[in-house]
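> below: sequence and its predicted model.
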Protein chains: 4
Amino acid sequence: MSDRTRTTGPETATPNRVLPDPAALDRTDPEGAIATAAAAYSNWGRWGEDDVLGTVNHIDEAKRREAAALVRLGISFSLSQSFDMDGPQKGWRRRTNPVHTMLDTGVDAALGNQGFPHGIGGADDVVSMPLQCSTQWDGLGHIFDHGRAWNGRDAAEVVTSAGDLVTGIEHMAGPVCGRGVLLDAGRVLGEDGELPDGFAITTEHLTATAREHGVEVGRGDIVCVRTGRLARARREGWGEYAGGPAPGLSFTTADWLHGSEIAAVATDTWGFEVRPNEFDHAFQPLHQVAIPHIGLLIGEMWDLDALAEHCAADGVHEFLLTAAPLPVTGAVGAPVNPLAIK
Amino acid sequence: MSDRTRTTGPETATPNRVLPDPAALDRTDPEGAIATAAAAYSNWGRWGEDDVLGTVNHIDEAKRREAAALVRLGISFSLSQSFDMDGPQKGWRRRTNPVHTMLDTGVDAALGNQGFPHGIGGADDVVSMPLQCSTQWDGLGHIFDHGRAWNGRDAAEVVTSAGDLVTGIEHMAGPVCGRGVLLDAGRVLGEDGELPDGFAITTEHLTATAREHGVEVGRGDIVCVRTGRLARARREGWGEYAGGPAPGLSFTTADWLHGSEIAAVATDTWGFEVRPNEFDHAFQPLHQVAIPHIGLLIGEMWDLDALAEHCAADGVHEFLLTAAPLPVTGAVGAPVNPLAIK
Amino acid sequence: MSDRTRTTGPETATPNRVLPDPAALDRTDPEGAIATAAAAYSNWGRWGEDDVLGTVNHIDEAKRREAAALVRLGISFSLSQSFDMDGPQKGWRRRTNPVHTMLDTGVDAALGNQGFPHGIGGADDVVSMPLQCSTQWDGLGHIFDHGRAWNGRDAAEVVTSAGDLVTGIEHMAGPVCGRGVLLDAGRVLGEDGELPDGFAITTEHLTATAREHGVEVGRGDIVCVRTGRLARARREGWGEYAGGPAPGLSFTTADWLHGSEIAAVATDTWGFEVRPNEFDHAFQPLHQVAIPHIGLLIGEMWDLDALAEHCAADGVHEFLLTAAPLPVTGAVGAPVNPLAIK
Amino acid sequence: MSDRTRTTGPETATPNRVLPDPAALDRTDPEGAIATAAAAYSNWGRWGEDDVLGTVNHIDEAKRREAAALVRLGISFSLSQSFDMDGPQKGWRRRTNPVHTMLDTGVDAALGNQGFPHGIGGADDVVSMPLQCSTQWDGLGHIFDHGRAWNGRDAAEVVTSAGDLVTGIEHMAGPVCGRGVLLDAGRVLGEDGELPDGFAITTEHLTATAREHGVEVGRGDIVCVRTGRLARARREGWGEYAGGPAPGLSFTTADWLHGSEIAAVATDTWGFEVRPNEFDHAFQPLHQVAIPHIGLLIGEMWDLDALAEHCAADGVHEFLLTAAPLPVTGAVGAPVNPLAIK
């Protein structure tokens, strides 16, 4: 591990802690807690007025060299769920599963229906899908706080019907590769490798998990937090995977997400943060801090199971991770097929 | 370079050459030439009856380790064109440019139209697109020869209206990362970095380009051939970029594509092979050999320009390349955002 | 009523009856029953080799004049369900509910985001949907029997990946208007206006319903059979409306569907025929006779409730009906907004 | 003709004329002309605060009875263009031609690929399309004037990313049927039945055309103005049909559109009004008056050619017209297959 790597221990992550312990959160005042966290953890202006990358700025060339040096076996893992109708979407916010249809098929080709010469035949296809239907990155234009987008911009000037005119996901096309760290909270903290719905993963949980793995998390890392929720969905059916209860990050991890200077965080759940959340009446409060204020790249619905299995077996929880989103211009999120290479 | 790397010189690639020089091809008999090449270069059965990876089998763990070791700077390049309406598609085979629409916007969020509590707002989006509308991999189920798909299978049993039931692109989700080599044919052979339409790039051209770069191509490599066609489209407008004339690989490179044991090849053109092709009446004849018989993974519409600029400047034309397609289940091709890391 | 109108009484409809009473159907032999019905009720060749209209040929100019003369009040009823995400589809056969998204909005216009001069603003939109997601006509290319399409054609030559090359729904764009008759089986035979799931509506039921209404059904009519299934779905939620159990036409009505020489039949259910059907193991057996053999135009998911209410009140169950499908070229079914005008 | 029918003569339509002759329009001041016309011809409040129908309110039951009585022959004409890739769209405002793809085909069915029992096979399909890609009605939420929608509403509260929350096209699902009148301006005023691009059809032209046909236009009518532009596109190729120059209604017809109390107007052109328009720098100025202020239902891209041929032959230019749009909830426009029945 290089000297630049900051550890996850409370001694380094908490100097700027302003949020109370999860148990002491005022459940009746999400707006107050969000405002407090937003003020404490804002990265607005940190990378200039024109910034479009947020915490991805934490990935530097040294980090990528460090990451490449982690490839010792030459094994690669796709961290993507499949994109098909057998997915969790049920129509919330008009999100469907991907509809994949054929423009031409081998059946047609075999019958010679296609009008091509000298025996060539072809198949072609189309997809129609929400950009956040399966494994994805949330773009910086995905969530706003009181009309403000990342870096303090007016949400109305950033994301119009023409898409995200400023922080579209295309800006993430190149830089998102570096050191990945798996924090298998499901395996370390759960039963049979899975955390129950509503389990709020705190900074202390994350720290303990990293310690258990013998891995450190530092500036510029892409942190993959496995809860086991996806494994359960695979076993028991999708049920409320999309939008229902789930384990996930506690609102109080905002200070760690900011202070650790990680580049991105991804989970195997629909919504990254714990659901139901830790307030009486709130919707994705950690998103409201993490995206517009911290400028954090958040990955959701990642499939960490095969990688986790391997990490558990060989005890190595760090790897090269490349996670370049599909650069749909102006998108506020995008599908991605992340590759972990050990 | 490891010992396993076979050079591109004629002395190694031509022992099994069965095709004549490009100039000696019988322009009137594409079907004969295809049959000859198919017989000579078939990989059917090479990786077993159940194979779904074709030449990607050439990528092994050692190759990935070798590739990771090429990361000396920590700079990453996205090799993807953008996905938006400003693309080359004009409707051929019902291929449109991607239609990206918003389900919610910052404009709505700023007006408080969204019904969320405590000041959170969000944007969400959808895309509808052909899977081969922009930067993509052709899947092994994309092209057939006389009703036969990769590995000798009946095309009608492989790709139905339900998609590719056997060799869907999802099988490529994990393994496609390794050593990338840029062969900048446009810069080495062209004027101002660009080859003219109809320029057939031969094995000799590829070999000469590699020699000029001081790079060798070997088993398991992912070869990126830059023609300059995309740079021209950017300068002059899309015109006939999609489906019109273009520089590209000569039909006669089939033996090199097979004999070099590369894992994949990608170009900055719509169709990878030279257009018009080298027969009087034929449609994509090199595809007809390369995909169903060689089992070769072919990338098209890659954007190699920024990478090429860097390689020309530092003289290093090899890199780590990760190019994991979006795993749309059963797709016969898929968008990809390839990352080259030097 | 004109002289041309044939009554629905058993005395006229049953001379060619070859199917047993519903109770006497051999539940174990759907294929035999289908073959018997297909042979008895085939209209193949009846309107020439090139026919693309099937029973819509029964609508002649006199029928349309007769239908127009039924307009006595000047009231029109849309018989279409809405097209939106609040629909019954759950993904079977990749059928989703319609996804409607905006390309531009009034919110954008009000902010002046659109780049238009002198104060004009605009909104625009897109839809992505299965053609049979809501109120629709089944085209003649929708169902096949042992590889045969309407008029005896080879299904493989009629409907390819390019769509229905012969009997596409566009051929129905003009002619489908004439006399509509509502048979409110739910009101006449059911409790509280609704039939239970699995209720097989027989020819005798249809005849009795018509008699109760005081209306006759004849050649060229478009018959709307209301079961009450949609009203129940509205009250109780969609549940299994799409693809689950439902009241519907008995397999044994095949002889009436043929012998009555009606032009079309439509119901307020997902699948027109009773579900589960009257065989131990079969899928939509009445479709298999009605579409490829009788050439019958079948409407599904129509909303007959408001019309039925009016008909019950004024006792008039006949009307002018125009039901021109959206002419999507080559479609095997299409959305339609049918208008009943009394 | 009933007493209620107001004639089109200048003596009845012009009492409230406030716009100058076309030749006297101030080409440099579209905004002034629009403001003048908006003030003079506004129907805001005419049908109450909650109105969602605009001029469709002019269609009453008597009008529908009158219309039905026009059916003397029993012949029906579809006035819809086809919906397929061979359409005029070229991507402006992300408008593509409809992409129709198959979910299942006869080719698959014939091979027994589908998994259905006892010989049944099926085909199914999907469409993805802009709602204004082909023959359509503009909804009342399609165009705004300085942030105001129909009836004076705030555009930002009417049409959000969730669609038109107030005046969605679904409200037009039932009422749009009545008396149709064809004004074949192309035949009466043009050469070989076609007007040239840029030809501004004035009130006097409309009146003269009606006089030539021997038909009167009155309250509640749906007026179909044929320019011949579509016939030309069919002969010469689409070219700039979508968004380019075209004949169409003069801005000065605003007073006739208002004063005649017609229910709707439709043309065979992309944009209904003349293009280029009659101002130096303006975009669809007549839309800006007609939709938000008059509340006029506007049809575009209708195919009037076959109907026009018939009307020219028999001299009858009035008919029953049913033009019920596909009720996509919240749509600001919708495809329609209008039927004219003579």
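Looks like it came in fine. Numbers count the residues shown, from 1 in each chain, chains lettered A, B, ... in the order given.
> near chain C, which residues of chain A?
A:85, A:91, A:94, A:96-97, A:99-105, A:107-108, A:111, A:113, A:128, A:156, A:160-162 (Cβ under 8 Å from any Cβ of the partner chain). (C-beta placed from N, C-alpha, C; glycine too.)
> what about 6 Å?
A:85, A:91, A:94, A:96, A:99, A:102, A:104-105, A:108, A:111, A:113, A:128, A:156, A:160-161 (Cβ under 6 Å from any Cβ of the partner chain).
> so A:V336 is in contact with A:P325, correct?
Yes. Between A:V336 and A:P325 there is a contact at 4.5 Å, judged by Cβ atoms under 6 Å.
> which neighbours do those two have in common?
A:W137 (Cβ atoms under 6 Å, 6 or more residues apart in numbering or on different chains).
> report pLDDT for the residue located most distally from the centre of chain A.
The C-alpha centroid of chain A is most remote from A:H118, which lies 47.9 Å away (Cα atoms, centre = their mean). As predicted, A:H118 sits at a pLDDT of 92.
> return the set of buried residues in stretch A:18-36.
A:19, A:22, A:25, A:30-31, A:33-36 (16 or more other Cβ atoms under 10 Å in any protein chain shown).
> how about stretch A:177-193?
Within stretch A:177-193, the residues scored as buried using 16+ other Cβ under 10 Å are A:177-190, A:193.
> stretch A:219-236 vs chain B: in contact?
No. Judged by Cβ under 6 Å from any Cβ, stretch A:219-236 makes no contact with chain B; its nearest approach is 10.7 Å.
> cool, stretch A:93-110 as well?
Yes. Contact of stretch A:93-110 with chain B (Cβ under 6 Å from any Cβ) involves A:93-94, A:100, A:102-103, A:105-107, A:109-110.
> redo these as a markdown table? Include pLDDT and neighbour count.
Converted to a markdown table, the residues of stretch A:93-110 next to chain B look like this (pLDDT from 0 to 100; neighbours: other Cβ atoms under 10 Å in any protein chain shown):
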| residue | pLDDT | neighbour count |
| --- | --- | --- |
| A:R93 | 88 | 15 |
| A:R94 | 91 | 22 |
| A:H100 | 97 | 25 |
| A:M102 | 96 | 28 |
| A:L103 | 95 | 23 |
| A:T105 | 95 | 35 |
| A:G106 | 95 | 32 |
| A:V107 | 94 | 32 |
| A:A109 | 95 | 29 |
| A:A110 | 93 | 24 |
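> tell me which of those fall in strands.
Cross-referencing the residues of stretch A:93-110 next to chain B against strands under DSSP state E gives A:100, A:102-103.
> want to throw those residues into CSV with distance to C:A68?
Converted to CSV, these look like this (distance: Cβ to Cβ, whole Å):
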residue, distance to C:A68
A:H100, 46
A:M102, 44
A:L103, 43
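> check contacts around A:Q114.
So A:Q114 contacts A:108, A:121 (Cβ under 6 Å, 6+ apart).
> now the stretch 201-342 of chain A against chain C: closest residue?
Residue nearest to chain C within the stretch 201-342 of chain A: A:W238 (10.9 Å; Cβ to the nearest Cβ).
> what about A:A231, distance to A:S80?
Distance of A:A231 to A:S80, given as Cβ to Cβ, to the nearest Å: 15 Å.
> those two: which has the busier surroundings?
It is A:S80, of A:A231 and A:S80, that has more neighbours when counted by other Cβ atoms under 10 Å in any protein chain shown, with 25 against 19.
> my guess is that one contacts A:T135. True?
Yes. Counting by Cβ under 6 Å, A:S80 touches A:T135, with 4.3 Å between them.
> quick one: least confident helix or strand in chain A?
helix A:10-13 (a mean of 42; mean pLDDT, DSSP states H and E).
> so what's the backbone phi/psi at A:W302?
Dihedral pair for A:W302: phi -80, psi 150, per degrees, to the nearest 10.
> can you pull the contacts of the closest residue to A:V158 other than its chain neighbours?
Using Cβ to Cβ, 6 or more residues apart in numbering or on different chains and skipping the chain neighbours, the partner closest in space to A:V158 is A:A149 (4.4 Å). Counting by Cβ under 6 Å, 6+ apart, A:A149 touches A:155, A:158, A:292, B:106.
> separate out the buried members of those.
Buried members of those, counted by 16+ other Cβ under 10 Å: A:155, A:158, A:292, B:106.
> just to revisit the earlier point, quick one: contacts of the following helix or strand past the least confident helix or strand of chain A?
Once helix A:10-13 ends, the next helix or strand along the chain (criterion: DSSP states H and E) is helix A:30-41. The contact list for helix A:30-41 (Cβ under 6 Å, 6+ apart) reads A:18, A:254, A:258, A:279, A:282, A:285, A:288-289, A:293-294, B:118.
> try it again with 8 Å
By Cβ atoms under 8 Å, 6 or more residues apart in numbering or on different chains, the surrounding residues in contact with helix A:30-41 are A:16, A:18-19, A:25-26, A:145, A:251, A:254-255, A:257-259, A:277, A:279-282, A:285, A:288-289, A:292-294, B:117-119.
> for the residue nearest the centre of chain A, give the beta-bridge partners.
Residue closest to the average C-alpha location in chain A (Cα atoms, centre = their mean): A:G299, at 1.1 Å. According to DSSP bridges, the partner residues bridging A:G299 are A:W137, A:A266.
> pLDDT weak spots in the stretch 201-342 of chain A?
The model of the stretch 201-342 of chain A has no residue with pLDDT under 70.
> before we move on, the earlier item: quick one: which of the buried residues of stretch A:18-36 is nearest B:E61?
Taking Cβ to Cβ as the measure, B:E61 lies nearest A:P22 of these, at 42.7 Å.
> per-residue confidence at that closest one?
As predicted, A:P22 sits at a pLDDT of 85.
> who in the stretch 201-342 of chain A is up against chain B?
Applying Cβ under 8 Å from any Cβ, one finds that the stretch 201-342 of chain A approaches chain B through A:281-285, A:287-288, A:320, A:322, A:324-333, A:335-339, A:341.
> for the nearest residue to the residue of the stretch 201-342 of chain A closest to chain C once chain neighbours are set aside, give me its contacts.
The shortest distance from A:W238 to any non-neighbouring residue, by Cβ to Cβ, 6+ apart, is to A:P88 (4.2 Å). Applying Cβ under 8 Å, 6+ apart, we find A:P88 in contact with A:97, A:233, A:238, A:241-242, A:270, A:301.
> now with 7 Å, please.
A:233, A:238, A:241-242, A:270 (Cβ atoms under 7 Å, 6 or more residues apart in numbering or on different chains).
> now those: which count as buried?
Burial by neighbour count, judged by 16+ other Cβ under 10 Å, picks out A:233, A:238, A:241-242, A:270 from the contacts of A:P88.
> C:A210: which of those is nearest?
Looking across those and measuring by Cβ to Cβ, the closest to C:A210 is A:W238, at 46.4 Å.
> relative to C:V336, how far out is that closest one?
Separation of A:W238 from C:V336 (Cβ to Cβ) stands at 33 Å.
> what packs against the strand or helix carrying A:A312?
Element membership for A:A312, per DSSP H and E: helix A:305-314. Helix A:305-314 is packed against strand A:177-184, with contacts defined by 3 or more Cβ pairs under 7 Å, 6 or more residues apart in numbering or on different chains; DSSP states H and E.
> off-centre distance for the strand it packs on?
What separates the centre of strand A:177-184 from the centre of its chain is 11 Å, taken as Cα atoms, centre = their mean, to the nearest Å.
> contacts for the helix or strand that comes right after it?
Downstream of strand A:177-184, the first helix or strand assigned by DSSP H and E is helix A:185-189. With contact meaning Cβ under 7 Å, 6+ apart, helix A:185-189 is reached by A:193-195, A:201, A:205, A:208-209, A:212, A:225-228, A:308, A:312.
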